[in-house]
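> the following block contains a protein sequence and its predicted model.
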Amino acid sequence: MPVKIGSIPLPDFPLLLAPMEDVSDPPFRFVCKQNGADLMYSEFISSEGLIRDAIKSRQKLDFSEFERPFGIQMFGGDEEALSLSAKIIDAVQPDLVDINFGCPVKKVVCKGAGAAVLKDVDLMVRLTEAVVRSTALPVTVKTRLGWDEQSKNIEEVAERLQDVGIKALTIHGRTRSQLYKGEADWQLIGAVKNNPRITIPVFGNGDIDSPEKAVVYKERYGVDGLMIGRSAIGYPWVFREIKHYHQTGSLLSPPTIEERIGVCLTHLQKSVEWKGPVLGILEMRRHYANYLKGLPHIKDYRLQLVQAKTQEEVTSVLLEIKEKYLQLNPVQSRPNVLNHVSDCSFTDKPTCFQNSAGFTTVQ
Ligand SMILES: Cc1cc2nc3c(=O)[nH]c(=O)nc-3n(C[C@H](O)[C@H](O)[C@H](O)COP(=O)(O)O)c2cc1C
């Protein structure tokens, strides 16, 4: 059954690209869209930053028509700031506005935003109402199961947010205390979806890293669609692979080396177009390790890529990699990136960096 968020039509079993700070910017979203993402979100934007007109916050409002349907995500703990931000977002006309009530990092929760709001459902309801009243766009929420093991209140949260007008809910199957540790628990996501009082679409999120898992979880928990984050980093093909498996029951071959390099080049091109030649090259550095994951003896090339200073230099190294690995014809397999991004506990280890929200990602 096709899914609708307000009046936005989505296909049957839609796949959503998760908002990811310092990752899901327009260049990354472009390659995810090309490879089958049905709905994408901006990185989260501080409502305080937006109303202060901070350049970084404003830049995150940028998107292209190609990306539609597209949602802008914001966070905040103050009714007025969220309400004003919703109006600012309205003006750039995305397809929907999402509120982040799930960010676990200290500097966000200390300000009473993100997952902190899970500790006060009345406040969450007031904040959500303020946003719903301030925009004509459909409002969605992304949150977690609860603050900690002892206070998993997502079932109450879902009902109360639906009652004040949200049009879809995405649930990350962890509590705030878990951060990104352990396995996501989907039982409660399923309980929310199967609550007869809940009529809005419910999207499940957390640890989806293969077509098989995606389809099993869809069937087991009955969710309307899936949101995918870390598995798409350096592997935007995850969307088309899940779709193919869902539709045919057979696994699509992993991308060839030509495809991997081709998509990496497109990402680079979009990065330079959107950020300019200096920042565009610099910020692409965090993606190469993931695009090249699993290729044997790739370390030296990776080093060359992160040292290259111009688009031409990077392009020439990437083309050399393509030629070399075409001849070697390595067995292509889907890299497992979940651990890579959350704790970097993998053998082929890229360096980690913490983005400004404190999320650990790879460089
Ligand atoms: C680098 C990084 C940045 C993230 N930034 C955001 C964000 O801006 N907003 C948000 O709601 N969640 C953010 N998240 C959480 C993801 O959206 C998602 O809920 C989480 O990664 C679990 O999904 P996954 O297992 O598919 O990765 C971020 C996660 C990572 C790894």
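Received it, and whenever you're ready, just let me know what you need. Residues are numbered from 1 along each chain as shown.

> up against the ligand, what does the stretch 101-250 of the chain have?
By Cβ under 6 Å from any ligand atom, the residues of the stretch 101-250 of the chain that approach the ligand are 102-103, 142, 172, 205-208, 228-231. The C-beta positions use only the backbone N, C-alpha and C, and glycine is treated the same way.

> which among these count as buried?
102-103, 142, 172, 205-208, 228-231 (16 or more other Cβ atoms under 10 Å).

> quick one: those as TSV, columns for pLDDT, secondary structure and distance to residue 156 too.
TSV is the format used below for those (pLDDT from 0 to 100; DSSP: H, G, I helix; E, B strand; the rest coil; distance: Cβ to Cβ, whole Å):
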residue	pLDDT	secondary structure	distance to residue 156
102	98	coil	16
103	96	coil	20
142	98	strand	17
172	98	strand	17
205	98	strand	19
206	98	coil	20
207	98	coil	24
208	98	coil	25
228	98	strand	27
229	98	coil	25
230	97	helix	28
231	97	helix	30
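
> how many residues are close by residue 264?
For residue 264, the neighbour count with other Cβ atoms under 10 Å is 24.

> name the surrounding residues that touch the host helix or strand of it.
Taking DSSP states H and E as the criterion, residue 264 maps to helix 257-275. Residues from elsewhere that reach helix 257-275, judged by Cβ atoms under 8 Å, 6 or more residues apart in numbering: 25-28, 30-31, 34-35, 62, 236-237, 255, 280-281, 283-284, 287-288, 291-292, 295, 311, 314-315, 318-319, 321-322, 325-326, 330, 332.

> domains of this structure?
Using automatic domain parsing, the domain parsing of the chain gives 9-248, 257-333.

> okay, the ones you listed in JSON lines with distance to residue 3 next?
Formatted as JSON lines, the domains of the chain follow (distance: least, Cβ to Cβ, whole Å):
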{"stretch": "domain 9-248", "distance to residue 3": "5"}
{"stretch": "domain 257-333", "distance to residue 3": "27"}
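
> and those domains, which is most packed in?
Each of the domains of the chain was scored by mean neighbour count; the highest is domain 9-248, a mean of 20, by mean count of other Cβ atoms under 10 Å.

> and that domain, how far apart are its ends?
23 Å (Cα to Cα, to the nearest Å).

> off-centre distance for it?
8 Å (Cα atoms, centre = their mean, to the nearest Å).

> likewise stretch 272-285?
20 Å.

> and for stretch 248-256?
That offset, for stretch 248-256, works out to 23 Å (Cα atoms, centre = their mean).

> buried set for that stretch?
254-255.

> got the contact list for the one residue in the stretch 151-300 of the chain that gets nearest to the ligand?
Minimum separation of the stretch 151-300 of the chain from the ligand (Cβ to the nearest ligand atom) falls at residue 229, amounting to 2.9 Å. Residues in contact with residue 229 (Cβ under 8 Å, 6+ apart) are 17-18, 20, 205.

> could you look up the SS state of the residue sitting furthest away from the middle of the chain?
Distance from the centre of the chain peaks at residue 327, with 34.5 Å (Cα atoms, centre = their mean). For residue 327, the assignment made with DSSP: H, G, I helix; E, B strand; the rest coil gives helix.

> distance-wise, check it relative to residue 143.
49 Å (Cβ to Cβ, to the nearest Å).

> which is the next helix or strand following the helix holding residue 264?
helix 277-291.

> continuing past that following helix, what's the next helix or strand?
Downstream of helix 277-291 (by DSSP H and E), the next one is helix 299-307.

> who are the packing partners of that following helix?
Counting contacts by 3 or more Cβ pairs under 8 Å, 6 or more residues apart in numbering; DSSP states H and E, helix 299-307 packs against helix 277-291, helix 311-328.

> need those helices in a markdown table (columns: mean pLDDT).
Listed next are the helices and strands packed on helix 299-307 as a markdown table, based on pLDDT from 0 to 100:
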| stretch | mean pLDDT |
| --- | --- |
| helix 277-291 | 97 |
| helix 311-328 | 96 |
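
> same list, the ones you listed, but as JSON lines with distance to residue 76 please.
Putting these into JSON lines (distance: least, Cβ to Cβ, whole Å) gives the following:
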{"stretch": "helix 277-291", "distance to residue 76": "26"}
{"stretch": "helix 311-328", "distance to residue 76": "37"}
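
> tell me the contacts of residue 86?
Shown in contact with residue 86 (Cβ under 8 Å, 6+ apart): 74, 97, 130-131, 134-135, 139.

> could you do residue 238 as well?
Residues near residue 238 by Cβ under 8 Å, 6+ apart: 35, 209, 228, 231-232, 334.

> what does residue 75 give?
Counting by Cβ under 8 Å, 6+ apart, residue 75 touches 44-47, 99-101, 103, 108, 113-114.

> where among the domains of the chain is average confidence lowest?
Mean pLDDT is lowest for domain 257-333 among those, at a mean of 94.

> do that domain and the ligand come into contact?
No: against the ligand, domain 257-333 shows no contacts by Cβ under 6 Å from any ligand atom, the least distance being 9.7 Å.

> give me phi/psi at residue 17?
Dihedral angles phi and psi of residue 17 (degrees, to the nearest 10) take the values phi -80, psi 130.

> cool, and residue 229?
Dihedral angles for residue 229 - degrees, to the nearest 10 - are phi -110, psi -90.

> again, but for residue 186
According to degrees, to the nearest 10, residue 186 has phi -90, psi -10.

> tell me how far it lies from residue 228.
Residue 186 is 14 Å from residue 228, by Cβ to Cβ.

> can you tell me the SS state at the residue lying closest to residue 154 once chain neighbours are set aside?
Once flanking residues are discounted, residue 154 sits nearest to residue 145: 4.8 Å by Cβ to Cβ, 6 or more residues apart in numbering. Classification of residue 145 by three-state DSSP places it in strand.
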